[in-house]
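J.: Sequence first, predicted model second:
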Amino acid sequence: MQVIDTVEHAQNNELPEEFLNLFRSDAIWTTGGGKRLYGRDAISDFTRQVLPGAMKDTTVRFELEHLMFIRPDVAAVKLRQIYQTPDGPDVGSPLWILAKEDGKWLLTAAQNIGVPDDELTASTDKHPVFAPGK
């Protein structure tokens, strides 16, 4: 799915505008650290503040785990998000709701959470990305 590839590219290359172009104007986004953002303006402010420099020595990869079409123009997308950091891997489990508008899939609502018992992170107590309070 193109949205997944674009998010991965935008994050790894620290490209806020590429990332922000994927959102509806009224989107809801909850970060892996639990910050709740309402509307593209709030998402933009946060992204422009944290994304530049956020991926230093870090990469992220998204794996599609499940795709469910709620309607032909609305989809729930469950992902496995794998960060490779200098401190080791950290895994997230985002859920994105996408809506198709004017032929383009847009992020409408999304929430992320760390997965401390994932096989990549279960053997370590390090969670560089999804540590409590991040």
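T.: Everything's here; your move.
J.: low pLDDT regions in this structure?
T.: Counting by pLDDT under 70, the chain shows low-confidence ranges at 121-134.
J.: Which SSE is immediately downstream of the helix or strand where residue 68 lies?
T.: If you go by DSSP states H and E, residue 68 is part of strand 59-71. Using DSSP H and E, the helix or strand that follows strand 59-71 in sequence is strand 74-85.
J.: still on that earlier bit, pull the residues that contact the strand holding residue 68.
T.: 1, 4, 7-8, 11-12, 75-84, 94, 97 (CB atoms under 8 Å, 6 or more residues apart in numbering). All C-beta atoms are positioned from the backbone trio N, CA, C, and that covers glycine.
J.: 7 Å instead?
T.: Residues from elsewhere that reach strand 59-71 (CB atoms under 7 Å, 6 or more residues apart in numbering): 1, 4, 7-8, 11-12, 75-84.
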